[in-house]
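A.B. asks: here are the coordinates; sequence isn't available:
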């Protein structure tokens, strides 16, 4: 439904304000992976141990998304978005001054807490400002901030890490969060909270089977992307043998893929959400399996990383899917989408790190990722079958009712 407010709002400016926040989140989430070689050396830890810092952020998202979404159920959405960005600014500012590994773990966990709730509420605000037939496109525009971050923010953060130190990268993210707070205050609609909203109503989403299946698809199927991306900088230097200056360029190819995916794929998802999700899972399974074969040539690995990025549109597609199956508990369901993807953010690097530590090499992350995408396909099929059964049951009930009316 369109938003209601005492003053008119331009959807384009609202989407831009929300996208600035997703740009800040995307920069810190993905730049931390590309900065892994730098902060691991600074903190005196090896690469697999440094991967735990990334997992700590992901754990913060998983924990924070449902808690903050439920606690903020009765808060006006604009005020909630500003509060979430405030917490995000504090967490990243503290990360910039972390004195050791253990404090870094805690500060990254703190930074991750508002991530999922922000994306969930921002997606609801965006979808409320456009016709129902363009919901996924609107959500995709919010996510464009995240994808552009992988093109501009991540390479910039990586460059800062090389030139003046990795701590400045987290400081930059904190400033972006403050800019988001100002932009949201100026442009987002100041609509009152839903009087029917309550923590209990939001928790009702947890009783819906389709919500859990959709979350599981994201938690498993998206792990492959994080499996290769976490160790991509190391793979480029150790396997592809490129110079450190080339690493940001390849990382930006991933961002271009994400951006293209989030601009094109939502158009098809607004016509057939689950079919699009299934095709994206197959796409990811194939391109991730090709990663080990393309990693030895800089042009081929750049192409592969771009194609892997296109598959990242799965996040936008599943966001809309959760809105469809959550009923009145859309706030929690939308936020849980990012708990699922950051479960993938923890699972992918963990399994990829195990493969590397076991001696299978840096490129083994591609095989890990492909297997994760394949493992999510039965979950997708289960969701489709349940949906068809539900539709058939409804059709039969309507037929019986019509016959009785005669």
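C.D. replies: Yep, it's here. Bear in mind that the values here come from a model prediction, so they are computed numbers and not experimental data.
A.B. asks: Could I get the pLDDT score of residue 398?
C.D. replies: Note on residue 398: pLDDT of 64.
A.B. asks: care to break this protein down by domain?
C.D. replies: Domain assignment for the chain by the TED database gives 9-191, 201-396.
A.B. asks: mind listing the helices in the stretch 1-150 of the chain by residue range?
C.D. replies: 11-34, 36-43, 47-71, 77-95, 101-112, 115-127, 135-148 (DSSP state H, counting those that start in this stretch).
A.B. asks: Is there a neighbour count for residue 133? I'd like the number.
C.D. replies: When neighbours are counted by other CB atoms under 10 Å, residue 133 registers 9. C-beta here means a position set from N, CA and C on the backbone, and glycine is covered the same way.
A.B. asks: Quickly note the distance from it to residue 127.
C.D. replies: With distances taken as CB to CB, to the nearest Å, residue 133 is found 11 Å from residue 127.
A.B. asks: mind checking which helix or strand of this protein has the lowest mean pLDDT?
C.D. replies: Ranked by mean pLDDT, DSSP states H and E, the helix or strand of the chain with the weakest confidence is helix 199-203, at a mean of 68.
A.B. asks: what does the helix or strand that that one is followed by rub up against?
C.D. replies: Per DSSP states H and E, the first helix or strand lying C-terminal to helix 199-203 is helix 209-221. Residues from elsewhere that reach helix 209-221, judged by CB atoms under 8 Å, 6 or more residues apart in numbering: 205-206, 277, 281, 284, 314-315, 318, 321-322, 325-326, 333, 336-337, 339-341, 343-344, 347, 372-373, 375-377, 379-380, 382-383, 386-387.
A.B. asks: before we move on, back to that, please identify the deepest-packed of the helices of the stretch 1-150 of the chain.
C.D. replies: Comparing those by mean neighbour count (mean count of other CB atoms under 10 Å), helix 115-127 comes out on top with a mean of 28.
A.B. asks: Could you check the angle that helix makes with helix 11-34?
C.D. replies: Computed with axes from the mean of the first three to the mean of the last three CA atoms, to 10 degrees, the direction of helix 115-127 lies at 160 degrees from that of helix 11-34.
A.B. asks: Output the below-cut-off pLDDT ranges for the stretch 301-406 of the chain.
C.D. replies: For the stretch 301-406 of the chain, applying pLDDT under 70 flags the ranges 328-329, 393-406.
A.B. asks: So which residues of it form strands?
C.D. replies: Secondary structure of the stretch 301-406 of the chain (DSSP state E, counting those that start in this stretch): no strands located.
A.B. asks: looking at the helices of the stretch 1-150 of the chain, which is closest to residue 298?
C.D. replies: helix 11-34 (16.4 Å; CB to CB).
A.B. asks: what's the burial count for residue 286?
C.D. replies: Here the count is done by other CB under 10 Å, and residue 286 has 14 residues near it.
A.B. asks: Let me know the pLDDT of it.
C.D. replies: So, for residue 286, pLDDT stands at 96.
A.B. asks: Could I get the contacting residues of it?
C.D. replies: Taking CB under 8 Å, 6+ apart as the definition, contacts of residue 286 comprise residue 370.
A.B. asks: roughly how far apart are residue 257 and residue 247?
C.D. replies: The value you get for residue 257 to residue 247, if CB to CB is used, is 16 Å.
A.B. asks: One more: residue 138?
C.D. replies: 34 Å.
A.B. asks: next one: residue 274
C.D. replies: Counting by CB to CB, the gap from residue 274 to residue 247 is 37 Å.
A.B. asks: Once you drop chain neighbours, what's closest to residue 101?
C.D. replies: Spatial nearest neighbour of residue 101, excluding adjacent residues (CB to CB, 6 or more residues apart in numbering): residue 43 at 4.7 Å.
A.B. asks: Using the three-state scheme, assign residue 271.
C.D. replies: coil (DSSP: H, G, I helix; E, B strand; the rest coil).
A.B. asks: got the phi/psi numbers for it?
C.D. replies: Main-chain dihedrals, residue 271, degrees, to the nearest 10: phi -100, psi -40.
A.B. asks: Residue 185 touches residue 81, doesn't it?
C.D. replies: No - if you go by CB atoms under 8 Å, residue 185 and residue 81 don't touch, sitting 9.1 Å apart.
A.B. asks: What helix or strand is residue 189 located in?
C.D. replies: Counting by DSSP H and E, residue 189 is part of no helix or strand.
A.B. asks: residues near it, how many?
C.D. replies: 20.
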